[in-house]
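Visitor: Sequence first, predicted coordinates after that:
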Amino acid sequence: MRIAFLVADFPCLSETFVLNQVTGLLDRGHEVDIYTNRVGDWAVSHPDVGRYRLWERTYPMPEVPQNYLWRLVQGLWVGLKASFRAPELVVRSLNPFAHGEQALNLWLLYTAVALVGRPQSYDIIHCQFGTQGYRGLAFKRLLRPTPRLLLMFRGFDISRYVQEGGDRVYRQLFQHVDYCLANCDFFQQRVLALGWPSDRIAVHFSGLDINKFTFRSRQLEPNRPVRIATTGRLVEKKGLEFAIRAVVQQAYRYPNLTYTIIGDGPLRAALQQLIVDLRADSYIHLVGWKNEAEIVDILDTCHLFVAPSITAADGNQDAPINVLKEAMAMGLPVLSTYHGGIPELVEDGVSGFLVPERDADALAERLGYLLDHPERWPELGLAGRQFVERHFDMQMLNDRLVQVYDRLLAPVNRSGPRSSERTPLSTPSLPSFMRPASVEK
């Protein structure tokens, strides 16, 4: 099979779930090309990016200007250049009778530019995040033969995006989509609530390479500090303020503890100030971004892992987050929240504990229980490892993804309205957070 992945950013250190699918498909003998709105920094990317030479498979998609006048002026120039190399493709992109407003507003033209000199045939267009769907539809309209269009919902695209755009935000796009995946049941239910048919969607978890995370039973060592860790972007939905306050509460009882927060983001200065105001800077440390190997080294020295996710004011929510899976794979008892898809990963009282969102006191109470009962750490850690192995193994999930593609390509499953039955699709103006340099995972 030949598959095109459409992503907002690539390579992106916080989106290893995309990388794992790319490399998994390549390992299985399929061809994968990556089309991205923004090319990241190859120098600080995941080692698999270099191992698979993914820069040779990555193609930037030109930005579609929000200003219609500038879109027209720039479109004339890029369209003229593209027409010398792919005249048929450019002409097809400008046909309003076949493609309606997507042709008139030049959305298709800007997509055609990305395809010039690239393969003109794909079996699957896989949109990583539903918000890539309009680009995906442009690919579907332009390519011959027509590929199948699959949307993968992962978080902000079915929480924050829907809150801002309303329940009808995907209504027109859904007329042209062939299949949907969601990375947890929580988000699958959100997609179904928008009117998507239940027989054309499945839950497909984001997996991890279990072999990269060595299990170690956690023990309390005499006269050694208890080490607690969190990994994640320093943004509102990670709920780090509440974890910091919870750790400070327990530090009065357990002065021999440390809390390491791995990651960076727009809230770093505010969180650092909170730590200083709480006089906790001697044992709570913001250490910035680390690569995968560095994160594993830090977690290997830790005893407990905290992931206090919350629903952000703009509606942004988390699925079962990868950092929790990684911590559980390494045998760390975890403390998290009843939030989004996290209860599908953490079994309360079995592999760790869950508390309500935004409740620092509840976090502190459960953290105190874990500190008081280190004899439970080995059983909690083992349960977490076993759960991740059963449900989130990358190899198993990549096999299932290929099966999804195979079923989608089978003639009997080529469902959805024929092109002659589809209504012309208008491309709405992108909300502010979807514009360049402001997408949040």
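Guide: Perfect, I can see it now.

Visitor: And for Ala329, nearest residue in space, chain neighbours not counted?
Guide: Among residues not flanking Ala329 along the chain, Phe213 sits closest, at 3.8 Å (Cβ to Cβ, 6 or more residues apart in numbering). Placement of C-beta: from N, CA and C, glycine included.

Visitor: I meant to write Gly79 there.
Guide: Leu109 (5.3 Å).

Visitor: Can I get the helix or strand harbouring that neighbour in PDB, CA atoms only?
Guide: Using DSSP states H and E, the element containing Leu109 is helix 107-115. Below are the C-alpha coordinates for helix 107-115, written out as PDB (Å, rounded to 0.1, in the frame of the first residue of the first chain):
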ATOM      1  CA  TRP A 107      -7.700  25.700  -1.300                       C
ATOM      2  CA  LEU A 108      -7.200  23.000  -3.900                       C
ATOM      3  CA  LEU A 109      -4.600  25.000  -5.800                       C
ATOM      4  CA  TYR A 110      -2.400  25.300  -2.700                       C
ATOM      5  CA  THR A 111      -2.700  21.600  -2.100                       C
ATOM      6  CA  ALA A 112      -1.900  20.800  -5.700                       C
ATOM      7  CA  VAL A 113       1.400  22.700  -5.300                       C
ATOM      8  CA  ALA A 114       2.400  20.300  -2.500                       C
ATOM      9  CA  LEU A 115       1.700  17.300  -4.900                       C
END
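
Visitor: which is the next helix or strand following it?
Guide: strand 124-128.

Visitor: Show me what the very next helix or strand once past that next one packs onto, helices and strands only.
Guide: The C-terminal neighbour of strand 124-128 among helices and strands, as given by DSSP H and E, is helix 133-142. Packing partners of helix 133-142 (3 or more Cβ pairs under 8 Å, 6 or more residues apart in numbering; DSSP states H and E): strand 2-10, helix 87-93, helix 101-104, helix 107-115, strand 124-128, strand 148-153, helix 171-174.

Visitor: what about Pro255, which SS state?
Guide: Following DSSP: H, G, I helix; E, B strand; the rest coil, the label given to Pro255 is coil.

Visitor: residues near the spatially closest residue to Asn95 that is not a sequence neighbour, how many?
Guide: Using Cβ to Cβ, 6+ apart and skipping the chain neighbours, the partner closest in space to Asn95 is Ala103 (5.6 Å). For Ala103, the neighbour count with other Cβ atoms under 10 Å is 20.

Visitor: Which residues are in contact with Ala103?
Guide: Ala103 makes contact with 93-96, 109, according to Cβ atoms under 8 Å, 6 or more residues apart in numbering.

Visitor: switch to 7 Å and redo it
Guide: For Ala103, the contact set (Cβ atoms under 7 Å, 6 or more residues apart in numbering) comprises 93-96.

Visitor: which of the residues you listed has the most neighbours?
Guide: Neighbour tally across the contacts of Ala103 (other Cβ under 10 Å): the maximum, 26 neighbours, falls on Ser93.

Visitor: quick one: that residue from Arg148, how far?
Guide: Separation of Ser93 from Arg148 (Cβ to Cβ, to the nearest Å) stands at 20 Å.

Visitor: Asp281 too?
Guide: Shown here: Asp281 relative to Arg148, a distance of 53 Å by Cβ to Cβ.

Visitor: Tell me which of the two has more neighbours.
Guide: Per other Cβ under 10 Å, whichever of Asp281 and Arg148 has more neighbours is Arg148, with 20 against 12.

Visitor: need the contact list for the closest residue to the more buried one other than its chain neighbours.
Guide: Of all residues beyond its chain neighbours, the one nearest Arg148 is Asp178 (4.5 Å), with distances taken as Cβ to Cβ, 6+ apart. By Cβ under 7 Å, 6+ apart, the residues touching Asp178 are 148-150, 408, 416.

Visitor: Just the buried ones from these, in ChimeraX syntax?
Guide: The buried subset of these, as determined by 16 or more other Cβ atoms under 10 Å, is captured in ChimeraX by this line:
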select :148,149,150,408,416
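
Visitor: about what we covered before: wait, isn't the residue nearest to Ala329 in contact with Glu326?
Guide: Yes. At 5.6 Å, Phe213 counts as touching Glu326 under the criterion of Cβ atoms under 7 Å.

Visitor: Noted, bye for now.
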